[in-house]
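# 3D, please:
(2 chains)
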Amino acid sequence: MSENYYTNDGPVVSVLIPTYNRPQSLYKALVSVFRQDYENLQVIVVNDGGEDVRDIVDSFHDSRLEYICRNENRGKAYSLNEAIGRSEGKYLCYLDDDDIYYPFHVRMLVDALENETDCQVAYSDLYKVYCNQFPDGTQQVLSKVVEVSRDFDRFLMLVFNHVLHVSLMHHRDLIEKTGPYNERLNVLIDWDMTRRLMFFSDFYHVPEITGEYSHPAGDSDRISVQRRKDKNEYMENVLTIMTTRPPKPWPKFGDLSIIFISERLDKRAGKTIGEIRHRTFYPYKLFLPMPESDFNRLNIDMPNLVFVSAGSSSCAELQLDTALKKCDGEYIALVPADFSVRDLWIENPIYALINCSDQRQGFLLDKEGGHPWAAVFRRDDLRFARTHFSDLSISESLKAAGISIRWPRNEELPFQFDNLYNEALSIERDGDWLEAAQIYEYIAEKFQNRLWMKRLAARAFFKAGRHEESQNICNEINRWRPTVDTLFLEAKIRRENGDLDSAIELLTTAAKTLEGHELIWT
Amino acid sequence: MDMTKKNTEQDNDSTQHYDILQELGDCHTSVGDYIKAQQFYEKAAILCPDEAGPYVGLGVVAMQKNLLDDAETAFKVACRLDKNSARAYAGLGLVAQQRHHYKKAFDMFLKCLELDTDNLIGILGLFQTSCQMGSFEKVTYYLETYLNMHPGDVSVMYPLAALYMKDGKLEDSKKMLLDILSLDRNHRDAAYLLEELEHNMAQARQEAIQTL
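Alright, predicted model coming up:
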């Protein structure tokens, strides 16, 4: 790869566009790329074994455009890796063949990465275009909504991809750390990559709408939609992502070692291991101290599984001490065989531990504290306890080392924003729109995602009949970052108040946005 | 754990574009720009061909242009698409009323009010056609029902006061007229009617004294 990615006009950005049998929409996607007000681009189109689109590519007569045509269909991950292999930009960004950028998309993200943040990854918001798709390739827009507009949340990213891949831009060098796109996956390849990227960088959210992705109405024939229908295959993909660990060092994640302590590898132990595999989103390695004769009995595909040879009649303390010598995680969770693994079983206590400033503090893995040492600790604390008090039981050694164990207080748990948000949604469902609106306002002031929460507050106030409050919020949003929805809401209220001229002006802007009028983009 | 649903702003909204076009049509109708209103209703009809709303709008525009045949066609299409569209029946009532087909107009306004007792066009249309036919049966009920839901709507209070007066419910009529004037002291029709009512009541009292 060339390292001459700076020119006089700023860094080169490589735009990667995999395509498969969508010639009409590919043309529109490319038009949107060549209308960027940032010109220092390298555009790479990869035809993933579909209908040849050379005539479309050639029609642009643009030397910045490179075309890779392959006869064999090998999937999106392979195509992206092929394009990355050809890329020379300082930054990479992505465009699917049925999506578009607004003309300021690349510039805005480059500005953010060059001037506004130390993050090596930035992303923006996109309109989701819900549309009727016709056989001739044309589409009829039914709505444009900002479906996802979340500020970056590391713990949330572990369980949910809240960064749209098409809105993503990152340093190309990061791929050398994350590794390439995973070609074993046939769905969720974008979440797999964003999840791996966050081991090495925070993400910077630019809350501007800088493009559109289409979502056809009805039963979509999209590959990604079809593949989600096979629940088992989908789950296997999710499990692969959850157990994938990019090469270390990880500047943004402390590794977790889970030590599973069981007298024997029986049915119950196997079940618990399976549950750990299915319900652990935090990156981890699972250490199994057990007799070598048991190693082959566990038939499970887990790249993050580590067998530790322990004697056949080892007690829990010996198993722990044997495994502890091998553990390289900064955090260590001790899991007994009969432990009941629930959703967020490790994410809750490890979040509390990471953010806890108290020394020698461990956090229980379950609220009831059914098992005295089923908890997560800092590795150095646990090693201190077991090194200095190896003749004591696990519980006694922890006590002797001054390590206290408790369940996290409410304010120490992750997903505080999501809990409040879900409470507001539940109140909405009960029809108490006013209370929901007030919660959205509270969240907007106290937590992240201000713009998103303000939009929801405006809608809830409107439904509660508090049109003045709704109008005030819409007015603020529409002056700052309008959306079709908030323009429409404000127009309805202005019409009610007899201000027809303003209503028409707001509705006209909304309609032009829906119709893809260029004036709206600039 | 699937957090997908919880973390998205909203579900697919399949009517947003249609709603905006329809609202634009309505706004342009309100400001009297019928050419633009028609354009937006036509776009809305293309987007959602099964919705009655755009055809009601097109009917209203045609009415404003005095194209009664076009208006009737549009309102009929709206009725066919949505047999519960009170606005479409109100429109058909207006068309019939313009053609002096009072019986038909009365039936259409009545149908409209059966579907939506809140429809002001239907209420006022029913009252007007009743006046035109000289028959006030059924009207009082709809006016009272409407006022129960919209107390203080003087546009309905006034015809009801007139109806009370015609039915000999002079005290009810007087109270209604006084209520109107307390809400809108410049309501000249109410003031005149009150004057007439009080004159009639005084006359009635005089006649009663003379009879004694």
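# CA only for contacts and neighbour counts going forward, please
OK.
# which SS state does the closest residue to chain B within the stretch 201-350 of chain A fall under?
Taking Cα to the nearest Cα as the measure, the stretch 201-350 of chain A has residue A:343 as its residue closest to chain B, at 7.0 Å. Of the three states, residue A:343 takes coil under DSSP: H, G, I helix; E, B strand; the rest coil.
# tell me who's in contact with the spatially most central residue of chain B.
Nearest to the geometric centre of chain B sits residue B:121, at 1.4 Å (Cα atoms, centre = their mean). By Cα atoms under 8 Å, 6 or more residues apart in numbering or on different chains, the contact set of residue B:121 is residue B:90.
# what helix or strand is the residue lying closest to residue B:102 once chain neighbours are set aside on?
What sits nearest to residue B:102 in space, not counting adjacent residues and going by Cα to Cα, 6 or more residues apart in numbering or on different chains, is residue B:129, at 5.8 Å. In the assignment (DSSP states H and E), residue B:129 maps to helix B:120-133.
# which positions within that helix qualify as buried?
Neighbour-count burial for helix B:120-133, with 16 or more other Cα atoms under 10 Å in any protein chain shown as criterion, is recorded at B:120-130.
# what of stretch B:64-81?
B:68, B:70-79, B:81.
# centre of the chain to the one helix or strand residue A:128 maps to, how far?
When elements are assigned from DSSP H and E, residue A:128 belongs to strand A:121-133. When distances are taken as Cα atoms, centre = their mean, to the nearest Å, strand A:121-133 is centred 15 Å away from the chain's centroid.
# tell me the secondary structure at the closest residue to residue A:25 other than its chain neighbours.
Nearest non-adjacent residue to residue A:25, counting by Cα to Cα, 6+ apart: residue A:98, 5.0 Å away. When classified by three-state DSSP, residue A:98 comes out as coil.
# would you confirm that residue A:98 contacts residue A:20?
No: using Cα atoms under 8 Å, residue A:98 is not in contact with residue A:20, being 10.0 Å away.
# and for the residue nearest to residue A:25, the neighbour number?
Residues within reach of residue A:98, counting by other Cα atoms under 10 Å in any protein chain shown, total 20.
# what pLDDT does it get?
Listed pLDDT for residue A:98 reads 92.
# same question for stretch A:463-473: list its buried residues.
A:463-464, A:466-471, A:473.
# before we move on, what about stretch A:40-53?
In stretch A:40-53, residues buried by neighbour count (16+ other Cα under 10 Å) are A:40-50, A:52-53.
# returning to what we had before: which one of the buried residues of stretch B:64-81 is nearest to chain A?
For those, the residue nearest chain A by Cα to the nearest Cα is residue B:81; the value is 20.0 Å.
# who's in contact with the closest one?
Per Cα under 8 Å, 6+ apart, neighbours of residue B:81: B:50-52.
# now swap in residue A:91 and tell me
By Cα under 8 Å, 6+ apart, residue A:91 lies in contact with A:11-14, A:169-172.
# what would the residues you listed look like in a markdown table with neighbour count and secondary structure?
Formatted as a markdown table, those follow (neighbours: other Cα atoms under 10 Å in any protein chain shown; DSSP: H, G, I helix; E, B strand; the rest coil):
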| residue | neighbour count | secondary structure |
| --- | --- | --- |
| A:11 | 17 | strand |
| A:12 | 23 | coil |
| A:13 | 28 | strand |
| A:14 | 27 | strand |
| A:169 | 27 | strand |
| A:170 | 24 | strand |
| A:171 | 18 | strand |
| A:172 | 20 | coil |
